[in-house]
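Asker: Sequence first, then the predicted structure:
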Amino acid sequence: MPVTVINASISGDTTTGGRMRLPALLDKHHPHLVIIELGTNDALRGLPLAMTQDNLTAMTHAAQKTGAQVILLGMQVPPNYGHDDNQRFANLFVDVSKSCKVLLVPFFLKGVADVPDSQRWFQSDRIHPTHAAQPRLLDNVWSVLTRECR
């Protein structure tokens, strides 16, 4: 089946930026599926988790209102943030997916950021995955898509 993918991401963007940009993108592209992968920059900047959750929920509702199916890509903060902060951050994606009844990839960077040799999968900034990591990331999303979107 032919598929068109629109990558509307902006490096360094927060959920607030995504929330502001999404309505125009929905109007322009009329997508059947919206994949939301935002939130990590919020955490890295120390923004309130409640704000991140509110923005993710608003984006999800906006996409659903157009009839699009939504997949939310869960993220994690670096381990040095501590177990409690990491758990609260990861849980906000679970909470949004449950409250909005959307698909969730629990950790988008699974197999990339959580492996012993994780540095090899990242650019020199140690934040953004390399080209070589892309098949792993695709597998993380594709497994949810093919399992849940039949």
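Answerer: Great, that's in hand. Keep in mind that this is a model prediction, so the values were computed, not measured.
Asker: same for the worst-scoring helix or strand of the chain on mean pLDDT, what does it pack against?
Answerer: The weakest-scoring helix or strand in the chain, judged by mean pLDDT, DSSP states H and E, is helix 134-148 (a mean of 89). Applying 3 or more C-beta pairs under 8 Å, 6 or more residues apart in numbering; DSSP states H and E, one finds that helix 134-148 contacts strand 69-73, strand 103-105. To be clear about C-beta, it is placed using only N, CA and C from the backbone, and glycine gets the same treatment.
Asker: Go through it and flag the buried ones.
Answerer: By neighbour count on 16 or more other C-beta atoms under 10 Å, the buried set for helix 134-148 is 136-137, 140-141, 144-145.
Asker: ok, back up a step: nearest approach to residue 37 belongs to which of the helices and strands packed on helix 134-148?
Answerer: The closest of the helices and strands packed on helix 134-148 to residue 37 is strand 69-73. By C-beta to C-beta, the value is 3.9 Å.
Asker: Name the residues that touch the helix or strand just after that closest one?
Answerer: Following strand 69-73 in sequence order, the next helix or strand is helix 83-100 (DSSP states H and E). Helix 83-100 is touched from outside by 39, 43, 49, 52-53, 56-57, 60-61, 64, 70, 72-77, 79, 81, 102-104, 106-107, with contacts defined as C-beta atoms under 8 Å, 6 or more residues apart in numbering.
Asker: can you check stretch 106-117 too?
Answerer: Stretch 106-117 has contacts (C-beta under 8 Å, 6+ apart) with 37, 73-76, 90, 93-94, 118, 121-122, 129, 133, 136-137, 139-141.
Asker: change it to 10 Å
Answerer: Applying C-beta atoms under 10 Å, 6 or more residues apart in numbering, the contact partners of stretch 106-117 are 35, 37, 40, 71-76, 78-79, 90, 93-94, 97, 118-122, 126-127, 129-130, 132-137, 139-141, 143-144.
Asker: Pull the distance from that stretch to the chain's centre.
Answerer: 14 Å (C-alpha atoms, centre = their mean, to the nearest Å).
Asker: ok, and for that stretch, which residues are buried?
Answerer: Judged by neighbour count using 16+ other C-beta under 10 Å, the buried positions of stretch 106-117 are 106-110, 112-113.
Asker: Quickly name whichever of these is closest to residue 26.
Answerer: Nearest to residue 26 among the buried residues of stretch 106-117 is residue 108, at 21.5 Å by C-beta to C-beta.
Asker: Okay then, goodbye and thanks.
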